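Enquirer: this is the structure alone, sequence omitted:
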């Protein structure tokens, strides 16, 4: 129920003015931190240590140089770059030029990147020299003219000297005293973040200055991030602007520890060298960390390292070992469309006393809304009503909150669909437990509809995993003229498993599943994963020829 | 510089809707915390422990009962109450009725309270029975009809059974399932907080839902408040809604520890009994804490207690002792007009290595803006330009930020004056040190203008304090036909000081000060202080007959 204020005295001479109403924007965090802690280390990268004062100056130069280059307010400026200083600087310097920051997933192929540059109407591309070869191909495919700035990161592999100018030289063209263009309206766009398309085109999520400011606050408050964290950049900044930690860590005057490659060795080395206190990582990264040399045997670390993990629940064994090693793991859930992870498995103190096995199950749930997410609901897709909190009835996860995107760029139809019913539909299916915690059971796209019956791909995968020879399994829909869809399984076999045939596995499934749920086809192959270890199911759908692989979800995002 | 967006593609089909734009309000914090932690303890009060679920239900009942009583959106509802559960409930239940919360300083006299009720056009008054007698006098003086609800707090002293109904009975009239009226516009008022008038009328500061939401976030982020703090209510909730900690502690699912009387004994007892982790207090409270039985001798506490202090810099000896006792003290600065304390003496790690005496001086400064205060400046009152950062040149402290009030209720002239130049003028004079930290030198009203020369009352007081017989000293302006104003000193003499005359002290001042700066008059008396120990200089001005005692500052607020 909303209030229609009736009392006019509270409407009189109590207006907004320059002193009491300032558009919310995360850009202010850099100004404040550079004012208060000018000499403190803002970021480290190999042997480089860069202060907040230096970082602000470089961001101001970037903004100024972009404007001198002809960038106009509302223009898109793209970045193709790992987690380096230039990538962080782009998060302030590009919006300070009034431009929209388009950080691109560098794991996409040339066609995918070319599509984004064209659809996003990008005017400028900053590119790390590691991707010189890729960029050359991209530029061949792009019809429009794009000004290319090459970033010669000293830690980058050699790369062809492509581009119109080198980044450091470009910065020197900018005015170190430029104060930046600031949004007049907090609803203005700050970024353009493409979700990965599959057989369809990727969609450009547009967050606002207001939304990213509030999501930054939400991350700090919900994760209890204190002043001066040492934050390791394992999560790509191109994933929803690193879930807003690019800005949030700046707000609390932390130190950004850059990282080009997410390997267990590099993570362990950075933790030791820089005293890392916080990082975000997919469960597979944690698994690698535990299994790496020195990972599980070494003594527990002197200070605890806090970890946010998302994408899938961390496996019990990994969770147990990594917590024993001094990592405090929190499980979160989110989406590019909500600028990060506004849902988390908030720990209840009473769970401390539960058996370890039960704790793992509790922590595997996606959880509850953070204080800045206004509403979280699991709604019946047909009736639109909330499902009962019985831990059984499945509905779609829906959210409302100020961190939710403005919409998809140049895609009114997709925007309208995403916001149907006055909610952001996530496309994820979940149950609500009696304590109000939600748990994902399936993605909408992971439901296989065969002869009118719903088949959960997760259920079929669970059965395949029980077979002693199976290392990894993934099940997707395969178009079928008679049944509409049937399950198709992709399987990796253990090295020591001996010979296993398609028929063996199908027979095993038929022993354990209703026959209509059993895969009609088993394909043996190494499963495609992202560099962060997340399964690329959309590639399997391509192989299986799935008809409806277009979804609004970013399957590449580690948080999805 | 603001951005005028030129690129229309970012203006198309990217509108606000029910899923991505929700008015900011701190009321949402209670909903979320009660959803996630329904059984956790929200507040304790003596032997009472009340869960978040119960607290939400009681606030819903309060809102519903107020509406049934005839309260309309935009009506003012007043509360005269110490820091009890009812006072906290008022911070949610009253705005949930669409009404404006007017928490009144119960240290005011009957006329002062009657003025506020009439100027604020209050429809309902909730009053703790401790103030039954006071309220009877107030109601005699008030012309309008006010519905009075008596709060029979079991820990309150006996009081006459005034009022139309008792609070618990009133709550029973409300609907436990009422979901509350929510602001349609985050700029709507949430509270009405009167600063203390002196010879003039008090002014009603009106904060918005947006401003108090953001100030709540600012308090959590700037003070690094983790999830589940145990917060002791030493700071009155009627002071700018407890600097927004009423809402902020709720947002992080803390426990509010109520406290009727701020005594060293009660504070120490509450810390021990409830495991308090955080509280806010004037320096005098800290001094009492150290000097109380068991205060300085007892062993350091097992867990550190974090303290915010404001009003005046904590004395060196107190700071040293209290920090040795396990209290971590941060010095903050703010004003009712900014919903709390958006300025703090942010600690620099390099100061850890400085000598103790230097650390105390560094910590005595008011400091720098928090991440959510957009601008803090010290401006020359004549030119309006920033003063140099030389630690010497004095200017007025000015702020801009979203936590700044909408304005003064029914006082357009004062509102316009407060916002002159597009800043909120604080009326406090300060210097800016070379490191950017500000330090208050004087209040505007503490400057005595005598024969066209400015005299700093602080400077005169400092000299008086050097006299071995002086325990306390305060200097204010006294109207003078010839000089305009002259200094008038109020002095408390030490118990063992023997006989000291007015002439002795004036002679002492003339030895140490320019003669025009010396007090013309010395009045020996116990200095009037608030219950939190803050000097009530306005009372001295009344005695001295100062002509310009009307200021925009809340001299009663401990943060001023």
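Expert: Looks like it arrived, so ask away. None of the values given here were measured: they were computed from a predicted structure.

Enquirer: break chain A into its domains for me.
Expert: According to automatic domain parsing, chain A comprises the domains A:50-208, A:445-544.

Enquirer: these: lowest mean pLDDT?
Expert: Confidence, taken as mean pLDDT, is least for domain A:445-544 of those (a mean of 84).

Enquirer: and the residue nearest the centre of chain A, what are its phi and psi?
Expert: Geometric centre of chain A, nearest residue: residue A:239, 3.9 Å, by Cα atoms, centre = their mean. When quoted as degrees, to the nearest 10, the phi and psi of residue A:239 stand at phi -90, psi 100.

Enquirer: for residue A:326, same thing?
Expert: Dihedral angles of residue A:326 (phi, psi; degrees, to the nearest 10) stand at phi 100, psi 10.

Enquirer: just checking, what packs against the biggest helix by length in chain A?
Expert: With secondary structure taken from DSSP state H, chain A has its longest helix at helix A:52-68. Here helix A:52-68 is seen to pack against helix A:27-36, strand A:41-45, helix A:85-96, helix A:167-172 when contacts are counted using 3 or more Cβ pairs under 8 Å, 6 or more residues apart in numbering or on different chains; DSSP states H and E. Bear in mind the C-beta positions are built from the backbone N, C-alpha and C, glycine included.

Enquirer: one more time with 10 Å
Expert: Taking 3 or more Cβ pairs under 10 Å, 6 or more residues apart in numbering or on different chains; DSSP states H and E as the contact definition, the neighbouring helices and strands of helix A:52-68 are helix A:27-36, strand A:41-45, strand A:48-51, helix A:85-96, strand A:122-128, strand A:147-151, helix A:167-172.

Enquirer: quick one: closest of these to chain B.
Expert: Put simply, out of the helices and strands packed on helix A:52-68 the one that sits nearest chain B is helix A:27-36, at 4.8 Å, with distance taken as Cβ to the nearest Cβ.

Enquirer: so which elements touch the closest one?
Expert: Taking 3+ Cβ pairs under 10 Å, 6+ apart as the contact definition, the neighbouring helices and strands of helix A:27-36 are strand A:41-45, helix A:52-68, helix A:85-96, strand A:182-183, helix A:209-222, helix A:245-251, strand B:368-369, strand B:373-379.

Enquirer: that one vs strand B:373-379, what angle?
Expert: Taking axes from the mean of the first three to the mean of the last three Cα atoms, to 10 degrees, helix A:27-36 and strand B:373-379 form an angle of 40 degrees between their directions.

Enquirer: now do helix A:27-36: distance to the chain's middle.
Expert: Helix A:27-36 has its average C-alpha position 25 Å from the chain's average C-alpha position, going by Cα atoms, centre = their mean, to the nearest Å.

Enquirer: pLDDT averaged over it - what is it?
Expert: Across helix A:27-36, pLDDT averages out at 98.

Enquirer: what do you get for stretch A:282-294?
Expert: When pLDDT is averaged over stretch A:282-294, the result is 75.

Enquirer: so which bits of it are buried?
Expert: For stretch A:282-294, a neighbour-count test (16 or more other Cβ atoms under 10 Å in any protein chain shown) marks A:282, A:283, A:284, A:285, A:286, A:287, A:288, A:289, A:290 as buried.

Enquirer: and what of stretch A:130-150?
Expert: Of all the residues in stretch A:130-150, those buried under the rule 16+ other Cβ under 10 Å are A:130-132, A:134-135, A:138-139, A:142, A:146-150.

Enquirer: in TSV: those residues, plus distance to chain B.
Expert: TSV is the format used below for the buried residues of stretch A:130-150 (distance: Cβ to the nearest Cβ, whole Å):
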residue	distance to chain B
A:130	30
A:131	26
A:132	29
A:134	26
A:135	24
A:138	21
A:139	22
A:142	17
A:146	16
A:147	16
A:148	20
A:149	20
A:150	25
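
Enquirer: export these to CSV and tack on distance to residue A:523?
Expert: What follows is the buried residues of stretch A:130-150, written out as CSV (distance: Cβ to Cβ, whole Å):
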residue, distance to residue A:523
A:130, 32
A:131, 31
A:132, 35
A:134, 29
A:135, 33
A:138, 31
A:139, 36
A:142, 35
A:146, 39
A:147, 44
A:148, 40
A:149, 43
A:150, 41
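
Enquirer: since we're on residue A:356, how many residues are nearby?
Expert: 10 (other Cβ atoms under 10 Å in any protein chain shown).

Enquirer: distance of residue A:193 from chain B?
Expert: Using Cβ to the nearest Cβ, to the nearest Å, one gets 13 Å for the distance from residue A:193 to chain B.

Enquirer: closest to residue B:13 out of the domains of chain A?
Expert: Between residue B:13 and these, the shortest separation by Cβ to Cβ is 10.0 Å, and it involves domain A:50-208.

Enquirer: pull the distance from the closest one to the chain's centre.
Expert: Using Cα atoms, centre = their mean, the mean C-alpha position of domain A:50-208 is found 18 Å from that of the whole chain.

Enquirer: endpoint to endpoint, that domain covers what distance?
Expert: Start and end residues of domain A:50-208 are separated by 28 Å (Cα to Cα, to the nearest Å).

Enquirer: cool, and stretch A:237-256?
Expert: End-to-end distance for stretch A:237-256: 11 Å, by Cα to Cα.

Enquirer: then stretch A:257-277?
Expert: Termini of stretch A:257-277 sit 10 Å apart (Cα to Cα).

Enquirer: swap in stretch A:237-248?
Expert: In terms of Cα to Cα, the two terminal residues of stretch A:237-248 are separated by 12 Å.

Enquirer: quick check, residue A:333 in a strand?
Expert: Yes. The assignment for residue A:333 by DSSP: H, G, I helix; E, B strand; the rest coil puts it in a strand.

Enquirer: for residue A:227, see how far away it is.
Expert: Look at residue A:333 and residue A:227: by Cβ to Cβ, to the nearest Å, they are 27 Å apart.

Enquirer: kindly report the same for residue A:38.
Expert: Per Cβ to Cβ, residue A:38 is found 16 Å from residue A:227.

Enquirer: burial measure for residue A:22, as a count.
Expert: Counted by other Cβ under 10 Å, the residues lying close to residue A:22 total 20.

Enquirer: correct me, but it touches residue B:374?
Expert: Yes. The pair residue A:22 and residue B:374 passes the contact test of Cβ atoms under 10 Å, sitting 4.5 Å apart.

Enquirer: okay, and the common contacts of these two?
Expert: A:28, A:182, B:400, B:401, B:402, B:404 (Cβ atoms under 10 Å, 6 or more residues apart in numbering or on different chains).

Enquirer: what number of residues lie near the residue nearest to the fifth one when sequence neighbours are not counted?
Expert: Going back to what we said before, that points to residue B:402. Using Cβ to Cβ, 6 or more residues apart in numbering or on different chains and skipping the chain neighbours, the partner closest in space to residue B:402 is residue B:214 (4.8 Å). As a burial measure, the neighbour count of residue B:214 was computed by other Cβ under 10 Å and equals 26.

Enquirer: and the pLDDT for residue B:214?
Expert: 98.
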